[in-house]
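1. curious how this folds, go ahead:
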Amino acid sequence: MKLKKIMIAFFSAVLAVFLLVVVYTQMDKATKLKTKTVFIATETIKSGERIGQRAIQTTIDVSAPVESPEDVSNLFATITIPKGCIITPELVAKTVYEDVYTTHIVVKIDPVPLEVLKAAEYIGLLNVETSNNQTRTNVFEHLRLVKLYDQAGRIAGKTANEYSSNLVSMVEIATDNETAKKIKEKEKAGVYYVLIE
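-> Residues are numbered from 1 along each chain as shown. Model (predicted):
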């Protein structure tokens with residue numbers, strides 16, 4: 001009787017271990033099947049730059065609605081990709097993104113604190129034109145910001161002395177040739193106000 005109990009206990013233990021191994025194996029397979037590989041930017045990659053070694057492979061849940069190209073190292077960013085962002089097909093191209101912003105112009109603006117524009121990549125410009133008792137608003141959007149200048153024409157934030165200012169009074173922007181001509185023409189109507197995009 002005692003031997004029978006020992007045998008039952010032994011076979012029960014063997015069965016329990018077997019079931020644990022089966023369950024663990026199935027869970028491990030299920031976990032592997034539920035992930036997919038994506039690339040994440042390890043630092044901010046600016047528009048037009050080659051990604052190179054600035055991305056790392058990681059796995060995410062297969063149900064997440066994002067995908068990465070198979071290899072991003074030889075691809076170029078079509079827009080600025082922030083650090084930590086998953087690199088998806090719409091953020092990259094096989095060649096350098098075609099740049100339509102071929103003309104650079106400097107425009108006077110209503111002074112803005114440097115901190116407001118420091119992180120901006122694109123801005124808009126707005127001014128108001130009055131003629132014959134009629135008011136018209138001139139608005140230009142999606143202008144690429146290149147440089148910021150203080151009232152004396154120095155690059156804003158570059159100098160730190162009693163004569164430097166934390167106000168931006170002029171901006172260098174890049175746009176297409178036609179828009180650049182219109183902006184300079186309408187600059188005569190009055191000062192431009194910056195629109196943050």
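
2. from now on I want contacts and neighbour counts done on CA atoms only, so please keep to that.
-> Noted.

3. now the helices for this structure?
-> Counting by DSSP state H, the chain has helices at residues 2-33, 114-117, 177-186.

4. rank these by pLDDT, which is bottom?
-> When the helices of the chain are ranked by mean pLDDT, helix 2-33 comes last with a mean of 66.

5. and the lengthiest strand in the chain, what does it pack against?
-> Secondary structure of the chain per DSSP state E: the longest strand is strand 134-149. Where contact means 3 or more Cα pairs under 8 Å, 6 or more residues apart in numbering; DSSP states H and E, strand 134-149 is packed against strand 122-131, strand 167-175, helix 177-186.

6. list the buried residues in it.
-> Buried residues in strand 134-149, defined by neighbour count with 16 or more other Cα atoms under 10 Å: 138-145, 147-149.

7. for stretch 190-197, same thing?
-> By 16+ other Cα under 10 Å, the buried positions in stretch 190-197 come out as 191-194.

8. distance of residue 176 from residue 141?
-> Counting by Cα to Cα, to the nearest Å, the gap from residue 176 to residue 141 is 12 Å.

9. then residue 147?
-> Separation of residue 147 from residue 141 (Cα to Cα): 17 Å.

10. low-confidence stretches in the protein?
-> Within the chain, the ranges that satisfy pLDDT under 70 run 1-4, 7, 9-17, 19-33, 96-101, 157-165.

11. hmm, try it at 80
-> Confidence mapping of the chain against pLDDT under 80 gives the ranges 1-34, 47-48, 62-65, 78, 95-102, 131, 156-165, 197.

12. rewinding a little: okay, the helices and strands packed on strand 134-149 in a markdown table with mean neighbour count next?
-> Below are the helices and strands packed on strand 134-149 laid out as a markdown table (neighbours: other Cα atoms under 10 Å):
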| stretch | mean neighbour count |
| --- | --- |
| strand 122-131 | 16 |
| strand 167-175 | 22 |
| helix 177-186 | 15 |
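
13. ok, back up a step: taking the buried residues of stretch 190-197 one by one, which sit in strands?
-> In strands, defined here by DSSP E, the members of those are 193-194.

14. quick one: stretch 52-71 to chain centroid distance?
-> In terms of Cα atoms, centre = their mean, to the nearest Å, the centre of stretch 52-71 is found 16 Å from the chain centre.

15. residues in contact with that stretch: which ones?
-> Stretch 52-71 is contacted from outside by 33-43, 45, 72-75, 86-89, using Cα atoms under 8 Å, 6 or more residues apart in numbering.
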